[in-house]
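Chemist: fold the following for me, if possible:
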Amino acid sequence: MQWIRRRLRMIRMKQWKTYKKMRKEMRRKGIKGNGQKMDVTKWKDSKVHIIHMLVGNKYFDELGLIDLTKYKVGLC
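Modeler: Model (predicted):
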């Protein structure tokens, strides 16, 4: 689930296209950044704490993403 959520965060970051749009989203949600500009198209930046605050697990719950960790899978 961690990898899936991280990949979905990366997709959301790519939809913003620029740091300026991401910054606007941060201001809208009331999140103060550390002032460092980041690239919104890089995979490594989807692990940054600010992105987790912008696009948290609650965001995915609201979208209706199924949490695969809640299901038990066994061998037949």
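
Chemist: in the protein, where is pLDDT below threshold?
Modeler: Residues of the chain that meet the criterion pLDDT under 70 lie in 35, 76.

Chemist: middle-most residue in it, spatially?
Modeler: Residue closest to the average C-alpha location in the chain (Cα atoms, centre = their mean): Arg9, at 3.0 Å.

Chemist: next SSE after the longest helix seen in the chain?
Modeler: Counting residues, the longest helix in the chain under DSSP state H turns out to be helix 2-16. Under the assignment DSSP states H and E, the closest C-terminal helix or strand after helix 2-16 is helix 19-29.

Chemist: in that next one, what's buried?
Modeler: For helix 19-29, a neighbour-count test (16 or more other Cβ atoms under 10 Å) marks Tyr19, Met22, Arg23, Met26 as buried. Using the backbone N, CA and C atoms, a C-beta is placed for each residue, glycine as well.

Chemist: elements contacting it?
Modeler: Packed against helix 19-29, as judged by 3 or more Cβ pairs under 8 Å, 6 or more residues apart in numbering; DSSP states H and E, are the following elements: helix 2-16, helix 49-54.

Chemist: hang on, the earlier thing: of the buried residues of helix 19-29, which is the nearest to Met38?
Modeler: Comparing these against Met38 with Cβ to Cβ picks out Tyr19 as the nearest, at 6.5 Å.

Chemist: and that closest one, what does it touch?
Modeler: Lys37, Met38, Asp39, Val40 (Cβ atoms under 8 Å, 6 or more residues apart in numbering).

Chemist: got a list of what the first one touches?
Modeler: The contact partners of Lys37, by Cβ under 8 Å, 6+ apart, come to Tyr19.

Chemist: about what we covered before: next, the angle from the longest helix of the chain to helix 19-29.
Modeler: Between the axes of helix 2-16 and helix 19-29, defined by axes from the mean of the first three to the mean of the last three Cα atoms, to 10 degrees, the angle is 110 degrees.

Chemist: name the residues that touch helix 2-16?
Modeler: Counting by Cβ under 8 Å, 6+ apart, helix 2-16 makes contact with 22, 25, 40-41, 43, 45-47, 51-52, 55, 57, 60, 65, 68, all of which sit outside it.
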